[in-house]
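Asks: Generate coordinates for the sequence data below:
(one chain, ligands or ions: 2)
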Amino acid sequence: MLYIPNSSPIPFEEAQRLILSVIRPLPVITIPLSKALGYYLAETVRADHDVPMFDRSTVDGYALRAEDVINASASDPVKLKVLEEIPAGYLPQQKITQGTASRIMTGAPIPEGANAVVMVEKTENAMEDSESVLVYQSVKIGDAIAKKGQDVEEGKDVLTQGTLLGPIELGLLATFGIASVAVYAKPKVGILSTGSELLNVDEPIVPGKLRDSNGVMLAGQVSQAGGEPVYFGIAPDKVEELEKKMLEILQQVDILVTSGGVSMGEYDFLGKVFEKINAKVIFWKTLARPGMPVLCGVWQDKPIFALAGNPASSYVNAHLYVLPAIRYMSGSKDPLPKRVTVVCDEAIEGKQMLHTRFLRGLTYVSPTGELRVKISKKQASNVLSSFLESNCLVKVPGGKGFNAGEKAEVYLLGAVEELRQ
Ligand SMILES: Nc1nc2c(c(=O)[nH]1)N[C@H]1C(S)=C(S)[C@@H](COP(=O)(O)OP(=O)(O)OC[C@H]3O[C@@H](n4cnc5c(N)ncnc54)[C@H](O)[C@@H]3O)O[C@H]1N2
Ligand code: MOO
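Replies: Ligands and ions are numbered 1, 2, ... in the order given. Purely as a prediction, here's the structure:
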């Protein structure tokens with residue numbers, strides 16, 4: 001049995017590395033393209049044709065030879081004979097020769113002989129006079145023509161295995177006729193809140209007790225990372241009940257996440273339960289706060305994350321350890337949290353601390369366009385509300401502080417588009 005109650009805390013980066021070394025991407029499934037948003041691609045898709053497939057007009061106008069209108073101007077237009085009209089979706093029938101042009105619509109194939117398109121606005125009576133057109137502007141060879149293969153060249157990789165499928169990726173797959181797509185399955189993540197002091201969200205408050213806020217919060221984080229959360233309610237601080245409940249859940253999910261019961265209290269039983277259910281401990285305690293006492297193990301290849309119970313600790317633990325595991329099992333090649341470097345508004349004390357701290361902060365764009373961060377006021381592990389005014393975690397490594405104006409690394413919590421000015 002590997003459970004070591006007095007194991008020494010490890011750096012959080014080492015904890016992340018250890019987790020990723022014991023898990024694997026889930027099996028590949030094939031699903032309709034319309035359902036594939038948010039999945040990771042399990043195959044590399046190669047372009048089996050050019051996009052565009054032919055030289056096409058980028059404007060409504062006239063396909064012509066640039067050399068025929070080299071001297072055209074507003075005061076001295078050039079008259080060309082109009083051969084035909086080419087709507088998008090049709091093939092040209094006529095070849096452009098000296099002194100001729102064809103009316104062409106945006107997206108339609110360029111006729112043979114033409115080497116440029118002039119916009120209809122730079123011509124006169126264009127749409128009424130089907131015989132001829134007056135061109136009031138010169139054009140250069142290639143003007144208003146999207147070349148064959150301009151977007152994607154035949155034979156090139158369009159998307160590689162491990163790419164997260166967003167709206168753009170779905171559009172590209174549709175372009176190549178991929179109606180069903182091979183992706184990695186998404187992990188089912190069981191969530192169990194532990195603690196005899198906890199009440200269900202809909203229960204009336206009882207003196208000394210509090211409602212389970214971690215359950216729904218963790219489910220939200222799991223969903224945002226692309227996992228499928230399943231909430232299994234509250235379990236009391238009793239070893240036998242926890243053991244039974246956790247084994248039951250483990251049969252049904254790919255990952256188990258619990259919160260509470262991992263520190264040194266008389267009722268902190270999670271370590272004991274790991275021992276009872278024969279879960280192999282990967283680590284217990286990291287050199288990072290909030291969430292220092294987090295316990296992580298595997299049971300029959302399924303990771304178990306026993307997160308520290310304080311709400312901010314659970315949130316940060318999930319962000320640093322659970323979400324990367326979800327992304328990795330979902331097929332991501334880059335599962336660790338997104339980070340950026342920003343300039344500190346104010347000094348951050350910390351030289352005397354041994355562990356890394358993740359401080360709540362607000363990253364914003366300064367009027368000069370610089371990414372800067374201000375530290376939120378409340379940082380205690382039991383405080384959740386200060387995340388409302390935060391959008392990042394500022395990493396303050398052990399033994400280090402920051403001067404005002406110094407650069408620090410922050411872990412982004414919201415979308416980058418949410419950075420406020
Ligand atoms: N003697 C020591 N005491 C503590 C240590 C330590 O090293 N030695 N570590 C402290 C740290 S750091 C943390 S973090 C907490 C984490 O402890 P647990 O994971 O055992 O969490 P609990 O004691 O079960 O709960 C802590 C706190 O959070 C509340 N809680 C728990 N679950 C929920 C939930 N689902 N929703 C809302 N609130 C929840 C719980 O009621 C407690 O108030 O331990 C320190 N102690
Ligand atoms: O590591 Mo604990 O989460 O600070 O209070």
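
Asks: So what touches stretch 30-42?
Replies: 25, 28, 159-167, 169-170, 173-174, 178-184, 186, 226, 327, 330-332 (C-beta atoms under 8 Å, 6 or more residues apart in numbering). All C-beta spots, glycine's among them, are computed from the backbone N, C-alpha and C.

Asks: Narrow the residues you listed to those in helices?
Replies: 167, 169-170, 173-174, 327 (DSSP state H).

Asks: Could you list the low-pLDDT ranges of the stretch 301-421 of the chain?
Replies: Counting by pLDDT under 70, the stretch 301-421 of the chain shows low-confidence ranges at 415-421.

Asks: can you list the residues of the stretch 201-350 of the chain near ligand 2?
Replies: 289-292, 308, 310, 313 (C-beta under 6 Å from any ligand atom).

Asks: Apply 8 Å and report the result again.
Replies: Residues of the stretch 201-350 of the chain lying close to ligand 2 (C-beta under 8 Å from any ligand atom) are 263, 288-293, 308, 310, 312-313, 316-317.

Asks: hang on, residue 66 packs against residue 135?
Replies: No - the pair residue 66 / residue 135 is not scored as a contact, 10.6 Å apart, by C-beta atoms under 8 Å.

Asks: quick one on the thing from earlier: so which of the residues of the stretch 201-350 of the chain next to ligand 2 comes closest to residue 20?
Replies: Nearest to residue 20 out of those is residue 317 (C-beta to C-beta; 15.7 Å).

Asks: Can you spell out which helices and strands pack onto the lowest-mean-pLDDT helix or strand in the chain?
Replies: Within the chain, judged by mean pLDDT, DSSP states H and E, the helix or strand with the poorest mean is strand 123-124; its value is a mean of 92. With contacts taken as 3 or more C-beta pairs under 8 Å, 6 or more residues apart in numbering; DSSP states H and E, strand 123-124 sits against strand 132-135.

Asks: who does the strand it packs on touch, helix- and strand-wise?
Replies: Packing partners of strand 132-135 (3+ C-beta pairs under 8 Å, 6+ apart): strand 61-64, strand 78-86, strand 100-104, strand 123-124.

Asks: Name every strand pairing with the first one and say which way it goes.
Replies: Right, strand 61-64. Applying DSSP bridges, strand 61-64 is found paired with strand 100-104 (antiparallel), strand 116-119 (antiparallel).

Asks: What are the buried residues along it?
Replies: Residues of strand 61-64 classed as buried: 61-64 (neighbour count, 16 or more other C-beta atoms under 10 Å).

Asks: Of the residues you listed, which is the nearest to residue 55?
Replies: Nearest member of these to residue 55, counting by C-beta to C-beta, is residue 63, at 9.8 Å.

Asks: Surely the closest one and residue 119 touch.
Replies: No - applying C-beta under 8 Å, one finds residue 63 not in contact with residue 119, separated by 11.6 Å.

Asks: What sits closest to the closest residue to ligand 2 within the stretch 101-250 of the chain if chain neighbours are left out?
Replies: Closest residue of the stretch 101-250 of the chain to ligand 2, C-beta to the nearest ligand atom: residue 214 (12.3 Å). If the residues on either side of it in the chain are set aside, residue 214 comes closest to residue 259, at 4.2 Å by C-beta to C-beta, 6 or more residues apart in numbering.

Asks: What is the neighbour count of the residue nearest to residue 181 when sequence neighbours are not counted?
Replies: Leaving aside its chain neighbours, residue 181 sits nearest to residue 36 (5.0 Å; criterion: C-beta to C-beta, 6+ apart). Per other C-beta atoms under 10 Å, the neighbour tally for residue 36 reads 20.
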